[in-house]
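> what's the 3D shape of this:
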Amino acid sequence: MVAAMFGRALPFLRDADWLDDGRARAWLRILAGLIMVGVVGLVVLSRGGLDPTGKPLGTDFLSFWAASRLALAGHPAQVYQPALHAAAEQSVFPGARLGYAAFFYPPVFLLICLPLAALPYLASLAAWLIATGLAYVLVIRRWLARSASVVAALAFPATFSNLGHGQNAFLTTALFGAGGLLLASRPFLAGACLGALIFKPHLGLLIPVALLAGRQWKAIAGACACAAALIAASVLAFGWPAWVGFFATSSLARAALEQEMVGSAKMQSAFAAVRLWHGPVAAAYAVQALVALAAAAAVAVVFHRRRSDRAAAATLVAGTLLASPFLLDYDLMLAAVPLAWLFAQGVGGGFRPWEKLGLLAAFALPLFSRSLATFAGVPLGPPVLALLFLLVLRRAWSAGQP
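Okay, the predicted model is just below:
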């Protein structure tokens, strides 16, 4: 009986027609509306910049804004002294019981954050999210290739997580997406977009692998030039002490990962899955290394075969989601790039078996991943992201040379 039920369900899951263009648009409008209602509701219910639970609006943005305040005051090296940085955060909301939001980013990101404290906290948070969100929407619209409206970009549930945290995932997604779009026509500029991701280096692990395998020499030059320029600008702005402080805090960042200071339930990597199941740190690193090597090998083969088209770029972004051990739920914003590409391919030329199920699972992942990991001990992120990567890889491989 169970076998018969599974046999009837299998074709539905593999070839279901519930993701045609019209129905998808309707669901996307509903989801986008719900996300906007949630954001507005959170703001309306807040008091003095604190939400109903006593946390600041844009929880992680407090770290960026406090770092900006210290840098503008002429003390950039203090950003990398946790006690002083925590005091700067607390001064924004005196008397509130705040948890510490660490600043593990290199001074390149401090350069990006520098103007934030020129505005009051809430105004700065709004400006940050609007500016980076607009960049994200413009890029994803191009990836969707007119197969869906701007609502699709806003409906992705990861947007709510990024908005709630005031994080930088809109910016990382826009840079990855722009780099992929420009790789064929303007490789140097594409490389510059990818090189700018040096502010979040753990998400750039596969970029050198991809560009070298694809013999993208102009893109490599653009990436190196942009990264070098950003590093030089940060040294000129903040001096070497800021970089010394950054490297000094690297041990704290590693401890945050290994000792679950952030919380494995919030993480979406293979490393976090092993730790969630109480596996030792050595085993977690071993599993993460195997997953990262497999993703790197697949990305290298695709770039060597296809070099500069969107299929290769979508494979790179999907592989990036598997490669880094430090991947939080708001970083799932990156999945918007391969999701948009797969959706556009399916609408334009027909969906392949299991693509609709994979699209739905990866699209809905940010809604359930943290809750399932927290309350049921189920690390949903790695298997769903692996499925997304395999679906993108299958299309990229079977399409052949551009």
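> quick one: contacts for residue 42?
Applying CB atoms under 8 Å, 6 or more residues apart in numbering to residue 42 gives the contacts 51, 57, 164. C-betas here are computed from N, CA, C, even on glycine.
> and residue 67, by the same measure?
Residues near residue 67 by CB under 8 Å, 6+ apart: 79, 85, 88, 103, 110, 113.
> narrow those to those in strands?
Among these, no member falls in strands (DSSP state E).
> nearest to residue 251 among those residues?
Distance to residue 251 across the contacts of residue 67 (CB to CB) is lowest for residue 103, with 14.7 Å.
> and the helices in the stretch 1-150 of the chain, which stretches?
2-15, 21-45, 61-72, 82-92, 107-113, 121-144, 150-155 (DSSP state H, counting those that start in this stretch).
> chain center to the third one: distance?
Helix 61-72 sits 21 Å away from the centroid of its parent chain (CA atoms, centre = their mean, to the nearest Å).
> low-confidence ranges, this protein, go.
Low-confidence segments of the chain (pLDDT under 70): 1-25, 146-149, 307-308, 399-402.
> these two touch, right, residue 167 and residue 332?
No. With contact defined as CB atoms under 8 Å, residue 167 does not count as touching residue 332 (11.1 Å).
> what do the two both touch?
residue 161.
> returning to what we had before: relative to residue 281, which of the contacts of residue 67 is nearest.
Checking the contacts of residue 67 against residue 281 by CB to CB gives residue 103 as the nearest, at 23.9 Å.
> that closest one and residue 78: what is the separation?
Distance, residue 103 to residue 78, using CB to CB, to the nearest Å: 10 Å.
> between these two, which is the more surrounded one?
When residue 103 and residue 78 are compared for neighbours, residue 103 comes out ahead with 25 against 21, by other CB atoms under 10 Å.
> give the contact list for the more buried one.
63-64, 66-67, 79-80, 85, 110.
> most widely separated two among these?
Largest separation among those by CB to CB: 64 and 80, giving 13.9 Å.
> who has more neighbours, these two?
Between residue 64 and residue 80, residue 80 has the larger neighbour count (other CB under 10 Å), namely 28 against 25.
> run a quick neighbour tally on the nearest residue to the more buried one once chain neighbours are set aside.
Nearest non-adjacent residue to residue 80, counting by CB to CB, 6 or more residues apart in numbering: residue 245, 2.9 Å away. Residues near residue 245, counting by other CB under 10 Å, number 18.
> repeat that for residue 197.
Counted with other CB under 10 Å, the neighbours of residue 197 add up to 22.
> and it, how close does it get to residue 47?
For residue 197, the distance to residue 47 equals 37 Å [CB to CB].
> with distance to residue 358 added, can I get the contacts of residue 103 in JSON lines?
Putting those into JSON lines (distance: CB to CB, whole Å) gives the following:
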{"residue": "63", "distance to residue 358": "34"}
{"residue": "64", "distance to residue 358": "34"}
{"residue": "66", "distance to residue 358": "40"}
{"residue": "67", "distance to residue 358": "38"}
{"residue": "79", "distance to residue 358": "41"}
{"residue": "80", "distance to residue 358": "41"}
{"residue": "85", "distance to residue 358": "41"}
{"residue": "110", "distance to residue 358": "38"}
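> ok, back up a step: joint contacts of residue 103 and residue 78?
residue 85.
> can I get stretch 305-318 as CSV, trimmed to CA atoms?
This file holds the C-alpha atoms of stretch 305-318, laid out as CSV (Å, rounded to 0.1, in the frame of the first residue of the first chain):
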residue,chain,number,x,y,z
ARG,A,305,33.3,23.8,-20.3
ARG,A,306,31.1,26.9,-20.5
ARG,A,307,33.3,29.8,-19.4
SER,A,308,31.3,32.9,-19.3
ASP,A,309,27.5,32.4,-19.6
ARG,A,310,24.8,32.6,-17.0
ALA,A,311,24.7,28.9,-16.4
ALA,A,312,28.2,28.9,-15.1
ALA,A,313,27.6,31.9,-12.9
ALA,A,314,24.5,30.3,-11.4
THR,A,315,26.5,27.2,-10.7
LEU,A,316,29.1,29.3,-8.9
VAL,A,317,26.6,30.9,-6.7
ALA,A,318,24.8,27.6,-5.9
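> how far away from the center of its chain is that stretch?
17 Å.
> helix, strand, or coil at the closest residue to residue 374 other than its chain neighbours?
In space, and not counting its chain neighbours, residue 374 is closest to residue 265: 4.2 Å by CB to CB, 6+ apart. The three-state label given to residue 265 by DSSP: H, G, I helix; E, B strand; the rest coil is helix.
> tell me who's in contact with residue 265.
With contact set as CB under 8 Å, 6+ apart, residue 265 has these partners: 272, 276, 370, 373-374.
> let's go with 7 Å and repeat that
Counting by CB atoms under 7 Å, 6 or more residues apart in numbering, residue 265 touches 276, 370, 373-374.
> closest one to residue 326 out of those residues, please.
Nearest to residue 326 among the contacts of residue 265 is residue 276, at 14.5 Å by CB to CB.
> distance check, the closest residue to the closest one other than its chain neighbours against residue 319.
Of all residues not flanking residue 276 in the chain, residue 264 sits nearest, at 4.2 Å (CB to CB, 6+ apart). Computed with CB to CB, the distance linking residue 264 and residue 319 is 22 Å.
> what does residue 137 give?
The separation that residue 137 has from residue 319, given CB to CB, amounts to 24 Å.
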